[in-house]
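Participant: quick one, structure for this:
(chains A and B)
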Number of protein chains: 2
Amino acid sequence: MCQLMGMSANVPTDICFSFTGLIQRGGVTGPHRDGWGIAFYEGRGCRFFHDQYAGCESQIAGLVKEFPIKSHIVISHIRKANRGRICLENTHPFVRELWGCYWSFAHNGQLKGIKKKSLTHYHPVGSTDSEYAFCWMLDQIKDKFPKKPESKVKLKGFINQLSDQLAERGIFNMLLSDSVYLYTYCSTKLCWITRKAPFGEAELKDVEMKVNFCHQTTPKDIVSVVATEQLTNNEKWVQMSKGDFLVFKNGLSTV
Amino acid sequence: MCQLMGMSANVPTDICFSFTGLIQRGGVTGPHRDGWGIAFYEGRGCRFFHDQYAGCESQIAGLVKEFPIKSHIVISHIRKANRGRICLENTHPFVRELWGCYWSFAHNGQLKGIKKKSLTHYHPVGSTDSEYAFCWMLDQIKDKFPKKPESKVKLKGFINQLSDQLAERGIFNMLLSDSVYLYTYCSTKLCWITRKAPFGEAELKDVEMKVNFCHQTTPKDIVSVVATEQLTNNEKWVQMSKGDFLVFKNGLSTV
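Facilitator: Predicted coordinates for the structure are as follows:
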């Protein structure tokens, strides 16, 4: 099983603190040594860092940990390979363009028989179930909405429906973004927290590190973090249940 | 005008030396301060680094300069904005998936009226002529070859034809790759060099730095580098002419 982490914020926010905790699970506090990746949205643009090496040993992960890239949406993943060999093209998050937006996707789980589904518009580059499922989801979305739908509610409902269908095939914990929304789906394990004023101190679970968010924020800041397992041990994270679908925008959950 | 650099090699090769010269043009020896980007292919996978900041001041560029990422195809670009504001989504190289391969593209020039062409499968995320032209090229390729063509010759011929059409609209110096081939087109300015045994010493033009490739290579290695302006001043680069189209594979030009 892999580990997911996502962020949604109403102001460009760095994820150094949370990423420092997560990446420890890539070979130190967890066995997720088979690659890692992270996507940072900045406006409509997106930066990706990927590596097929263990996060704890990766020089690029070192840069990401220390360099405060400010972003309003982040999706990150550390991999313990089950389907698909260890190589760059099999590291999450995956990215494709739809309606002139970069969509990115990270997944934790396995999906039985997913590769029997036919694909039209999008095709996987690597050999994971996850990338195949992502291509299938975007295929379905593009077929149903050839142009960007005006109704956000219909789109959310449809993504929820596709997620339910995928979850029937096994385990489907997912983070997905189109650069504005962070869509999250829990099939077995996902939790989240929203931090806003008054900000306090947080202490990482996986490595000795504390931060007092009130020194780094303004009273208007709102930041939500989603993760497979909670990243801090002195805060109250909300556990999601099987079938829960939450959509974040500007730091707040909207569904 | 921007600056392009590409590499094709028959063994995974790092581009640190050439990139060190190129990135100087991003604010030191050249005025290309409006962002930069680089794509490294490793097998079917691809790593991207982008920044909307001047290459000479970018921390991420510092990492790329020093960290020897081994790759068989590289495409890099440093930007002097003319069309499209300075932001992450307007930095080259751009990437899209076609036939389960990552295609990446970098361009130097302007293309009059390009945005009047209609698009079907691919849409730009940013506002540059370049990304629009890339989407149009992939659209045309996908329409003509819904599946990956067995004939490489037909595909090359078609890409050449599309490049000729684009060059009629202005300036179109281009690097394009599908993870196996490096397609290059010269409309006004592009040159290249192939390095193979016996390897010798090379001296950068933009910064005081020398390397003796015989210490870093085996006698079987073949590496070609393509650039807007030659990167070294003691080697003989081949200047391409208006309308020249060259395709590199495993370090050698094949057309």
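
Participant: now do the contacts for whichever residue of the stretch 51-200 of chain A sits closest to chain B.
Facilitator: Closest to chain B within the stretch 51-200 of chain A is residue A:88: 2.9 Å, counting by Cβ to the nearest Cβ. C-beta coordinates here come from the backbone N, C-alpha and C atoms, glycine included. When contacts are counted by Cβ atoms under 8 Å, 6 or more residues apart in numbering or on different chains, residue A:88 touches A:35, A:50, A:51, A:52, B:42, B:43, B:45, B:46, B:47.

Participant: which one is it nearest to, not counting chain neighbours?
Facilitator: residue B:45 (2.9 Å; Cβ to Cβ, 6 or more residues apart in numbering or on different chains).

Participant: can you check residue A:177 too?
Facilitator: In this structure, residue A:177 finds its nearest non-sequential neighbour in residue A:73, 5.1 Å apart by Cβ to Cβ, 6+ apart.

Participant: what does the one you found show for phi and psi?
Facilitator: When quoted as degrees, to the nearest 10, the phi and psi of residue A:73 stand at phi -140, psi 130.

Participant: what residues are bridge-paired with it?
Facilitator: Beta-bridge pairing of residue A:73 under DSSP bridges involves residue A:8, residue A:41.

Participant: is it true that it touches residue A:8?
Facilitator: Yes: using Cβ atoms under 8 Å, residue A:73 is in contact with residue A:8, at 5.6 Å.

Participant: so between those two, which is more surrounded?
Facilitator: With neighbours defined as other Cβ atoms under 10 Å in any protein chain shown, residue A:73 and residue A:8 compare such that residue A:8 has more, 32 against 26.

Participant: which ones are touching that one?
Facilitator: Residue A:8 makes contact with A:72, A:73, A:182, A:223, A:224, A:226, A:248, A:249, A:250, A:251, A:252 under the criterion Cβ under 8 Å, 6+ apart.

Participant: just the buried ones from those residues?
Facilitator: Applying 16 or more other Cβ atoms under 10 Å in any protein chain shown to the contacts of residue A:8, the neighbour count classes A:72, A:73, A:182, A:223, A:224, A:226, A:248, A:249, A:250, A:251 as buried.

Participant: excluding chain neighbours, what is closest to the first one?
Facilitator: Yep, that's residue A:72 we're talking about. residue A:9 (5.2 Å).

Participant: just the helices in the stretch 151-255 of chain A please.
Facilitator: Chain-ordered helices for the stretch 151-255 of chain A, with DSSP state H, counting those that start in this stretch as the definition, fall at A:152-167.

Participant: what residues does chain A put near chain B?
Facilitator: Contact residues (Cβ under 8 Å from any Cβ of the partner chain) of chain A with chain B: A:42-50, A:52, A:59-60, A:63, A:67, A:87-91, A:95-97, A:99-102, A:121-126.

Participant: give me the buried entries from the residues you listed.
Facilitator: Among those, the ones that count as buried by 16+ other Cβ under 10 Å are A:42, A:44-50, A:52, A:60, A:63, A:87-91, A:95-97, A:100-102, A:121-126.

Participant: just send the contacts of residue A:8 back as CSV, with pLDDT too.
Facilitator: Supplementary listing: the contacts of residue A:8 in CSV, determined by pLDDT from 0 to 100:
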residue, pLDDT
A:72, 97
A:73, 97
A:182, 98
A:223, 96
A:224, 97
A:226, 97
A:248, 98
A:249, 97
A:250, 97
A:251, 97
A:252, 97
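
Participant: just the ones of these in strands?
Facilitator: The strands, defined by DSSP state E, take in A:72, A:73, A:182, A:223, A:224, A:226, A:248, A:249, A:252 from the contacts of residue A:8.

Participant: just checking, the last one touches residue A:194?
Facilitator: Yes: using Cβ under 8 Å as the test, residue A:252 is close enough to residue A:194 to be in contact (6.8 Å).

Participant: okay, and the common contacts of these two?
Facilitator: Residues touching both residue A:252 and residue A:194 (Cβ under 8 Å, 6+ apart): A:222, A:224.

Participant: okay, residue A:87 and residue B:251: tell me how far apart.
Facilitator: Taking Cβ to Cβ, to the nearest Å as the measure, residue A:87 falls 22 Å from residue B:251.

Participant: what do you get for residue A:132?
Facilitator: Distance of residue A:132 to residue B:251, computed by Cβ to Cβ: 33 Å.

Participant: angle of the host helix or strand of residue A:64 against helix B:59-66?
Facilitator: In this structure, residue A:64 sits in helix A:59-66 according to DSSP states H and E. Relative orientation of helix A:59-66 versus helix B:59-66 (axes from the mean of the first three to the mean of the last three Cα atoms, to 10 degrees): 160 degrees.

Participant: could you dump helix A:59-66 to PDB, C-alpha only?
Facilitator: Only the C-alpha atoms of helix A:59-66 are listed here, as PDB (Å, rounded to 0.1, in the frame of the first residue of the first chain):
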ATOM      1  CA  GLN A  59      18.200  14.300  -3.700                       C
ATOM      2  CA  ILE A  60      15.200  15.800  -5.400                       C
ATOM      3  CA  ALA A  61      13.000  15.000  -2.400                       C
ATOM      4  CA  GLY A  62      15.700  16.800  -0.300                       C
ATOM      5  CA  LEU A  63      15.100  19.900  -2.500                       C
ATOM      6  CA  VAL A  64      11.300  19.700  -2.200                       C
ATOM      7  CA  LYS A  65      11.600  19.300   1.600                       C
ATOM      8  CA  GLU A  66      13.700  22.400   2.000                       C
END
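
Participant: just to revisit the earlier point, confidence score at the residue nearest to residue A:72?
Facilitator: pLDDT for residue A:9: 97.

Participant: ok, now residue A:188?
Facilitator: Looking at residue A:188, its pLDDT reads 97.

Participant: number of residues surrounding it?
Facilitator: The tally of other residues near residue A:188 (other Cβ under 10 Å) stands at 16.

Participant: run a quick neighbour tally on the residue nearest to it when sequence neighbours are not counted.
Facilitator: Closest residue to residue A:188 apart from its sequence neighbours, by Cβ to Cβ, 6+ apart: residue A:171 at 5.4 Å. Neighbours of residue A:171 under the rule other Cβ under 10 Å: 18.

Participant: just to revisit the earlier point, would you list the ones in strands among the contacts of residue A:8 in CSV and tack on distance to residue B:14?
Facilitator: Listed next are the ones in strands among the contacts of residue A:8 as CSV, based on distance: Cβ to Cβ, whole Å:
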residue, distance to residue B:14
A:72, 34
A:73, 32
A:182, 35
A:223, 37
A:224, 39
A:226, 36
A:248, 39
A:249, 41
A:252, 44
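
Participant: which ones are touching residue A:229?
Facilitator: Contact analysis of residue A:229 by Cβ under 8 Å, 6+ apart lists A:3, A:189, A:191, A:205.

Participant: residue nearest the centroid of chain A?
Facilitator: residue A:75 (3.4 Å; Cα atoms, centre = their mean).

Participant: tell me if I am right that that residue is in a helix.
Facilitator: No: the assignment for residue A:75, made by DSSP: H, G, I helix; E, B strand; the rest coil, is strand rather than a helix.

Participant: ok, and the closest non-adjacent residue to residue A:56?
Facilitator: Per Cβ to Cβ, 6+ apart, closest to residue A:56 is residue A:27, 3.8 Å.
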